[in-house]
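Student: Below is the sequence, then the predicted model.
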Protein chains: 2
Amino acid sequence: CFFLFLVVLMPQALVYGGKGALGSTCVQYFKEQGWTVFSIDLVANEEADFNIVLQVSDRWEDQAQSAEKQLSENLQGKLQAIMCVAGGWIGGNAASEELIKSADLMWKQSVWTSLIAVQLAARHLAPGGLLQLTGAIPALGGTPGMIGYGMAKAAVHQLVKSLSGEGSGLPEGAIALAILPITLDTPLNRKHMPDADTSTWTPLETVAKLFFYWATKKEEPVAGSLVQLITKDNETKCVVED
Amino acid sequence: CFFLFLVVLMPQALVYGGKGALGSTCVQYFKEQGWTVFSIDLVANEEADFNIVLQVSDRWEDQAQSAEKQLSENLQGKLQAIMCVAGGWIGGNAASEELIKSADLMWKQSVWTSLIAVQLAARHLAPGGLLQLTGAIPALGGTPGMIGYGMAKAAVHQLVKSLSGEGSGLPEGAIALAILPITLDTPLNRKHMPDADTSTWTPLETVAKLFFYWATKKEEPVAGSLVQLITKDNETKCVVED
């Protein structure tokens, strides 16, 4: 009985994109801090306590429903943090043959995931909890060479502003924000850019730690913030625009 | 032979959403100025010279392909103006049962249409031609009570910025911009808001005239502009933010 009590009191986090490079690091880091961790992805992350596996071919609403069902079946109480680090990247300008196709994929990878995370947050995030989404610095302006990507990320940025407004529908005191990374230090980026200066790349564990500080209120993030992660000489700074 | 020559020289415009309230006014106005007018919509506008009719149940890429095919079959030369006034509105915050569904619909109504217009512009707009999209003033900030709508319009705003950048893929000198109306003076708005002060509503013909001035370079619009249409005492001003 005492054991059960302890289990219920462990803080709980949900990582959307929990099998990706950054997602896996977050799952691992929060586990190490003693949290119960749910992962949502297209495949299971065996390190997570619970896996919510979605079908890529399902429609948006069906993925949302499936996520809701799988989460409710296993969640006791509320989540203290929801992190959505799912996403992807494709370039292409207006003359690209793949314009529509790439914009469609970018929308699915960034916005479908973010908005499903938002819906789960509205229902299962604890008051004062953290909802983190993922934006992109280039999408603060125009992105002529990556049109679909820019639109999807701009939508995420505006979503964060909406979520921090009065009557957004999130639990009371919940903090919604987005990180805007430049280049993350992932195995894939190392493989594709073997000669790059990695001292400007942001380490995945730095990001996971940041989420943990925010989730545990060791650092107080401001709701609605677009937090740029700027790494220089292996040091990462958070820059928040007004 | 002389008659044919004249026909070919007539300037040509495409109105996306050409059967809607604003679209119909645009079709009519450009026709009155002697232009050849193409309408794209889910139903035909009999006033247009050519109708491109799309199927609402088709996927994004299929709608784009269908529009391209129907346009190429009837277009001689290039278009001087492409106006995309298609769109819609649904409210709903993060806790709304319809969150995903409404965001999906808003994306389809605003972004699918805008990006298909962009693809047609990349292929068929004359150098220096006008590409007009439709944004929304509230989406310049957060829109907690209409989350799907805000995201879609924010994506359109960012799209306009992308299109005005170097290497966007639009024809040389093409001007891409968005109008950001507040309330348009449509029959539907009059019906739903019978007691409203219509002196702050923007008349549809005012908007059509503005497009015509821009398309004929009587007023020189700035590429990448988000043009707010502010109507007061039945006078409409264009306000462009830096």
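Tutor: Good, I have the coordinates.
Student: how about the strands of chain A, start to end?
Tutor: Along chain A, counting by DSSP state E, strands occupy A:12-16, A:36-41, A:50-53, A:79-84, A:125-134, A:175-181, A:184-185, A:202-203, A:226-232, A:235-240.
Student: wait, which of these is closest to A:Lys69?
Tutor: Among those, strand A:50-53 comes nearest to A:Lys69, with 8.9 Å by Cβ to Cβ. Placement of C-beta: from N, CA and C, glycine included.
Student: Now do the closest one: everything it contacts.
Tutor: With contact meaning Cβ atoms under 8 Å, 6 or more residues apart in numbering or on different chains, strand A:50-53 is reached by A:18, A:36-45, A:66-67, A:70-71, A:74-75.
Student: same deal with stretch A:235-242?
Tutor: With Cβ under 8 Å, 6+ apart as the test, stretch A:235-242 has contacts from A:140, A:202-203, A:206, A:210, A:222, A:225-231.
Student: ok, now with 6 Å
Tutor: The contact list for stretch A:235-242 (Cβ atoms under 6 Å, 6 or more residues apart in numbering or on different chains) reads A:Thr202, A:Thr206, A:Ser225, A:Val227, A:Gln228, A:Leu229, A:Ile230.
Student: now the residue most central in space within chain A, which residues is it bridged with?
Tutor: With distances taken as Cα atoms, centre = their mean, A:Cys84 lies nearest the centre of chain A, 1.9 Å away. Here A:Cys84 sits in beta bridges with A:Tyr16, as judged by DSSP bridges.
Student: measure it to B:Thr25 for me?
Tutor: Noted for A:Cys84: a distance of 42 Å to B:Thr25, by Cβ to Cβ, to the nearest Å.
Student: low pLDDT regions in chain A?
Tutor: Counting by pLDDT under 70, the low-confidence segments of chain A come to A:1-8, A:242.
Student: what's the angle from the lengthiest helix in chain A to helix B:147-163?
Tutor: Using DSSP state H, we find that the single longest helix of chain A is helix A:147-163. Per axes from the mean of the first three to the mean of the last three Cα atoms, to 10 degrees, the angle that helix A:147-163 makes with helix B:147-163 is 140 degrees.
Student: Check the gap between A:Met151 and A:Lys19 for me.
Tutor: For A:Met151, the distance to A:Lys19 - Cβ to Cβ - is 26 Å.
Student: these two touch, right, A:Pro144 and B:Gly169?
Tutor: No: A:Pro144 is beyond contact range of B:Gly169, at 7.4 Å (criterion: Cβ atoms under 6 Å).
Student: Need the nearest residue in space to A:Ala223, chain neighbours excluded.
Tutor: In this structure, A:Ala223 finds its nearest non-sequential neighbour in A:Ser164, 4.0 Å apart by Cβ to Cβ, 6 or more residues apart in numbering or on different chains.
Student: hang on, the one you found packs against A:Gly224?
Tutor: Yes: between A:Ser164 and A:Gly224 there is a contact at 2.9 Å, judged by Cβ under 6 Å.
Student: Can you pull the residues of chain A lying near chain B?
Tutor: Contact residues (Cβ under 6 Å from any Cβ of the partner chain) of chain A with chain B: A:60-61, A:64, A:93-95, A:99-101, A:103-104, A:115, A:118-119, A:122, A:141-145, A:147, A:150-151, A:154-155, A:158-159, A:161-162, A:165, A:167-170.
Student: List buried members of the residues you listed by neighbour count.
Tutor: The neighbour count (16 or more other Cβ atoms under 10 Å in any protein chain shown) marks A:60-61, A:64, A:93-95, A:99-101, A:103-104, A:115, A:118-119, A:122, A:142-145, A:147, A:150-151, A:154-155, A:158-159, A:161-162, A:165, A:168-170 as buried among those.
Student: residues contacting the residue lying closest to A:Gln158 once chain neighbours are set aside?
Tutor: Leaving aside its sequence neighbours, A:Gln158 sits nearest to B:Ala154 (Cβ to Cβ, 6+ apart; 3.4 Å). Taking Cβ under 6 Å, 6+ apart, we find B:Ala154 in contact with A:Ala154, A:Ala155, A:Gln158, B:Ala139.
Student: mind running it again at 10 Å?
Tutor: Residues counted as contacts of B:Ala154 (Cβ atoms under 10 Å, 6 or more residues apart in numbering or on different chains) are A:139, A:151, A:154-159, A:161-162, B:110, B:135-136, B:138-143.
Student: A:Ala86 now?
Tutor: Per Cβ under 10 Å, 6+ apart, neighbours of A:Ala86: A:15-20, A:22-23, A:40-42, A:54, A:108-110, A:112-114, A:116-117, A:133-134.
Student: distance of A:Gly150 from A:Ala176?
Tutor: Separation of A:Gly150 from A:Ala176 (Cβ to Cβ) stands at 21 Å.
Student: now do A:Asp62
Tutor: Taken as Cβ to Cβ, the span from A:Asp62 to A:Ala176 is 24 Å.
Student: Looking at those two, which one has more neighbours?
Tutor: A:Ala176 (29 against 13; other Cβ atoms under 10 Å in any protein chain shown).
Student: Surely the more buried one and A:His157 touch.
Tutor: No: counting by Cβ atoms under 10 Å, A:His157 is not a contact partner of A:Ala176; they are 11.4 Å apart.
Student: Need the overlap of contacts for the two.
Tutor: Both A:Ala176 and A:His157 are contacted by A:Leu133, B:Gly142, under the criterion Cβ under 10 Å, 6+ apart.
Student: if I look at A:Leu204, how far off is chain B?
Tutor: Distance of A:Leu204 to chain B, computed by Cβ to the nearest Cβ, to the nearest Å: 27 Å.
Student: doesn't A:Gly23 make contact with that residue?
Tutor: Yes: look at A:Leu204 against A:Gly23 with Cβ under 10 Å: they come within range, at 9.3 Å.
Student: and for these two, which residues touch both?
Tutor: Shared contacts of A:Leu204 and A:Gly23 (Cβ under 10 Å, 6+ apart): A:Val85.
Student: Show me the buried ones among the residues of chain A next to chain B that map onto helices.
Tutor: Going by DSSP H, the helices hold A:60-61, A:64, A:99-101, A:103-104, A:115, A:118-119, A:122, A:147, A:150-151, A:154-155, A:158-159, A:161-162 from these.
Student: if we can go back for a sec, okay, the angle between the longest helix of chain A and strand A:175-181?
Tutor: Angle, helix A:147-163 to strand A:175-181, by the same axes, to 10 degrees: 150 degrees.
Student: what angle do helix A:147-163 and strand A:79-84 make?
Tutor: Helix A:147-163 and strand A:79-84 are oriented at 160 degrees to each other (the same axes, to 10 degrees).
Student: tell me the angle of helix A:147-163 relative to strand A:226-232?
Tutor: Helix A:147-163 runs at 120 degrees relative to strand A:226-232, counting by the same axes, to 10 degrees.
Student: got the angle between helix A:147-163 and strand A:125-134?
Tutor: Helix A:147-163 runs at 150 degrees relative to strand A:125-134, counting by the same axes, to 10 degrees.
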